[in-house]
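>>> Got a sequence here, can you build the structure:
(chains A and B)
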Amino acid sequence: MILTLAARELRSGLVTPMLWVLLGAGQVVLAWIFLQVLEDFSALDAAARAAPLTLELTLNLFGFAAVVVMLAAPLLAQRMLSSEFREASFDLLEAAPVRRLSLVLGKFLGLWLLLAPLCLLPALNVALLAGTVALDAGQLAAATLGLWLAGGFFAAVGLYASSLSAQPGASVLAAFGLLLLFSVIGRAEPLLSTSLSLFGWLAWNEHLLWFLFGAVRLSDLLYFLLFTVFFLALTERRLVNRRFA
Amino acid sequence: METLVRVTDLSRRFGARLALSDVNLALERGHVLGLLGPNGAGKTTCLRLLAGVLAPSAGRIEILGLDLAREGREARRHLGYLPDRPPLYPELRVDEYLRFCARLRGIPRRRIAGALDEAKHRCGLDAMGRHPIARLSKGFRQRLGLAQAIIHRPRLLILDEPTEGLDPYQMRAMRALIRELAQECGVIFSSHLLPEVQAVCDRVAILHQGRMLYGDYLAADQAPHLWRVRLSWPSAQAAGALNEAEGCARLTELATVHAATALGEGRFRVVLADGASSADLSRDILGAGLALYELQPERSDLERIFFDLTGAEDPQ
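Numbering: from 1, shown residues only, chains lettered A, B, ... in the order given. I've put the predicted structure just below:
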């Protein structure tokens, strides 16, 4: 059932222009950054280079791709629930013998797969350099994995926000608000006198950074897994409670 | 007879507003139940509750003996639901959409093609398989909505104003289809069109302000009891005025007439005596020397019940 729901979301996502517009716009921006990183790197002497090219690419190109995915996820997610509430097509799923959890997982999987091409964009750009320069494939793989995990987290937040309102615009804004909060929350840390780094730990970018460095740490994997599951659980509760509202 | 759905003391609140209050009904296989009521009477809320889309505030719904609240997933297997707006995905094609609905309802993969063809055929969508839903007309969208509701051959079919927005031909086809479907399942459908309910339903439940005011079998073959006649009698015309009291008195004297009321300009509403028919009435009127200009059935019994119960003003 989860696969049926995910396949339907994929099909709908592929035949509507939103994904293609996001992919096109994302590629233009990433290509520009890619070019700039290469320009800057090749302009410097070997001695003056502060970091290897792979690190320059992961930090800049993959780092910025994460922001693109963060902006794209809520836009794709609003179609999943919010638009369905508004168009009343959600009644079809409500009246079907489907568990709410399967429904949420199916939608999430569809959304995550729709975000996959966006997450692969930086790696595809970097693939242009194959055979010309020696890059650290492991680090690039780690960065891509981190990006996709972050994409899953963004998708879960987007899906939850999408379940909050039958107004797609409002749900997109709610998702942006939540994701921005999770982006800047780490900045609160220096303001606190204690050594507790809870706020720093809550920020997704702190965890993605380790993937960009090429380190796949269990704690970072757990962070993305935990928050993805947390927001999916909230979405499921929201859908169950919706019948009583 | 097998009871498909049994509703006990069903109530639903939206905040402080009581949208549905203490509704009780039951439906057997092969029957069509019409939910009748003015706009805002609670018809859609009632159907959404029956389809499991909304949870009741109080009361119980059993579908084939399965409690919809506790065994919802199992109970929903037997349900087909067409909401007031057909739940379609405009970006898909008709076949893609129906295939998705079939999988959603748990039809085994090898039977999907057959179920899809049958549903399309019954709803007149045979040639539409490759059409994008976004380009379908309203009538075809409604048919597609119905096709998704029947694709898994449900035991209970819930239709929310299925003929809304259809042209008279499509309306007639839809009514015929509902009657045909009722041969193998029970159908509950809502409407605010009295003739439609009379044409399609075996039973009717009238909702008004969230309460069920009436629920009974419709006696389809029963002859209308109320008739309207227009008379003229030469003596009165000669005097220059129609004496209505006299007209009423003379009509009431007839053996076939139980009571008569004057409506003005020579028109009278006549209640037939038990066992009398319109043929007897016309024979009696002519026999009494009255000139019969018009004889037509008064509003149907259902219409009368509806207006009496909902407290609406009599338009006539």
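
>>> what residue ranges in chain B score low on pLDDT?
In the predicted model, chain B carries pLDDT under 70 at residues B:1, B:215-224, B:233-242, B:299-301, B:304, B:308-309, B:311-316.

>>> For the residue in it that chain A sits nearest to, give me its contacts.
Chain B approaches chain A most closely through residue B:87 (3.7 Å), counting by C-beta to the nearest C-beta. Backbone N, C-alpha and C define where each C-beta goes, glycine included. When contacts are counted by C-beta atoms under 8 Å, 6 or more residues apart in numbering or on different chains, residue B:87 touches A:87, A:88, A:89, A:90, A:91, A:92, B:145, B:148.

>>> which non-adjacent residue is nearest it?
residue A:92 (3.7 Å; C-beta to C-beta, 6 or more residues apart in numbering or on different chains).

>>> Would you agree that neighbour is in contact with residue B:151?
No - the criterion here is C-beta atoms under 8 Å, and residue A:92 misses it with residue B:151 at 11.4 Å.

>>> Between the two, which contacts overlap?
Common neighbours of residue A:92 and residue B:151 (C-beta under 8 Å, 6+ apart) are residue B:101.

>>> mind checking how far the residue nearest to residue B:87 is from residue B:52?
To residue B:52, residue A:92 is 12 Å away according to C-beta to C-beta, to the nearest Å.

>>> what's around residue A:49, how many residues?
14 (other C-beta atoms under 10 Å in any protein chain shown).

>>> The residue nearest to it when sequence neighbours are not counted: what's it in contact with?
Once flanking residues are discounted, residue A:49 sits nearest to residue A:41: 6.8 Å by C-beta to C-beta, 6+ apart. Residues in contact with residue A:41, defined by C-beta under 8 Å, 6+ apart, are A:49, A:53, A:56.

>>> Just send those residues back as TSV, with secondary structure too.
Formatted as TSV, these follow (DSSP: H, G, I helix; E, B strand; the rest coil):
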residue	secondary structure
A:49	coil
A:53	helix
A:56	helix
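
>>> Just the buried positions in stretch B:104-117, please.
B:104, B:105, B:107, B:112, B:115, B:116 (16 or more other C-beta atoms under 10 Å in any protein chain shown).

>>> in chain A, what residue is nearest chain B?
residue A:92 (3.7 Å).

>>> what residues are up against that residue?
With contacts defined as C-beta under 8 Å, 6+ apart, the neighbours of residue A:92 are B:87, B:101, B:104, B:148.

>>> Assumed it was part of a strand.
No - read with three-state DSSP, residue A:92 is helix and lies in no strand.

>>> Tell me the spacing between it and residue B:137.
20 Å.

>>> Quick one: distance of stretch B:163-180 to the chain centre.
12 Å (C-alpha atoms, centre = their mean, to the nearest Å).

>>> Next, see if that stretch gets close to chain A.
No - figure legend: stretch B:163-180 not in contact with chain A (C-beta under 8 Å from any C-beta of the partner chain); closest approach 13.5 Å.

>>> Output that stretch as CSV, nothing but the C-alphas.
Output of stretch B:163-180 as CSV, limited to C-alpha atoms (Å, rounded to 0.1, in the frame of the first residue of the first chain):
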residue,chain,number,x,y,z
THR,B,163,-26.8,14.0,-10.0
GLU,B,164,-25.7,17.5,-8.9
GLY,B,165,-24.7,19.6,-11.9
LEU,B,166,-25.7,16.9,-14.5
ASP,B,167,-27.9,17.6,-17.5
PRO,B,168,-31.3,15.9,-17.7
TYR,B,169,-30.0,13.1,-19.9
GLN,B,170,-27.0,12.4,-17.6
MET,B,171,-29.3,12.7,-14.6
ARG,B,172,-31.6,10.0,-16.0
ALA,B,173,-28.7,7.8,-16.9
MET,B,174,-27.3,8.2,-13.4
ARG,B,175,-30.6,7.3,-11.8
ALA,B,176,-30.9,4.2,-13.9
LEU,B,177,-27.3,3.2,-12.9
ILE,B,178,-28.1,3.7,-9.2
ARG,B,179,-31.2,1.4,-9.6
GLU,B,180,-29.1,-1.1,-11.4
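
>>> Return the residues of chain A in contact with chain B.
Going by C-beta under 8 Å from any C-beta, the residues of chain A near chain B are A:1, A:4-5, A:8, A:11-12, A:15-16, A:87-99, A:243-244.

>>> where do the helices sit along the stretch 51-200 of chain B?
B:72-76, B:94-104, B:109-122, B:138-150, B:168-181, B:194-200 (DSSP state H, counting those that start in this stretch).

>>> among the ones you listed, which is nearest residue B:38?
Among the helices of the stretch 51-200 of chain B, helix B:194-200 comes nearest to residue B:38, with 10.9 Å by C-beta to C-beta.

>>> thinking again about what came up before, put the buried members of the residues of chain A next to chain B into a PyMOL selection.
The following PyMOL line selects those of these that are buried, judged by 16+ other C-beta under 10 Å:
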select buried, chain A and resi 1+4+5+8+11+12+87+88+89+90+91+92+93+94+95+96+97+98+243
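
>>> Mind checking which of the residues of chain A next to chain B land in helices?
If you go by DSSP state H, the residues of chain A next to chain B have A:4, A:5, A:8, A:11, A:12, A:15, A:87, A:90, A:91, A:92, A:93, A:94 in helices.

>>> quick one: low-confidence parts of chain A?
Within chain A, the stretches with pLDDT under 70 are A:188-196.

>>> In it, what residue spans correspond to helices?
According to DSSP H, the helices that chain A contains are A:2-15, A:17-43, A:53-57, A:63-80, A:82-87, A:90-94, A:100-126, A:137-164, A:168-184, A:198-202, A:204-213, A:218-242.

>>> contacting residues for the residue nearest to the spatial centre of chain A?
In chain A, the centroid-proximal residue (C-alpha atoms, centre = their mean) is residue A:151; its distance is 2.0 Å. By C-beta under 8 Å, 6+ apart, the contact set of residue A:151 is A:69, A:73, A:112, A:115, A:116, A:118, A:119.

>>> among those, which ones are buried?
Buried members of those, scored by 16+ other C-beta under 10 Å, are A:69, A:73, A:112, A:115, A:118, A:119.

>>> I figured the fifth one hits residue A:26, correct?
If I follow you right, that is residue A:118. Yes - using C-beta under 8 Å, residue A:118 is in contact with residue A:26, at 5.6 Å.

>>> Next, show the common contact partners of those two.
Counting by C-beta under 8 Å, 6+ apart, the common neighbours of residue A:118 and residue A:26 are A:65, A:68, A:72.

>>> list the contacts for the closest residue to the second one other than its chain neighbours?
Nearest non-adjacent residue to residue A:68, counting by C-beta to C-beta, 6+ apart: residue A:26, 4.6 Å away. Under the criterion of C-beta under 8 Å, 6+ apart, the neighbours of residue A:26 are A:65, A:68, A:72, A:118, A:121.

>>> What's the separation between the third one and residue A:172?
Think residue A:72. 11 Å.

>>> Could you do the fourth one as well?
If you measure residue A:118 against residue A:172 using C-beta to C-beta, the figure is 16 Å.
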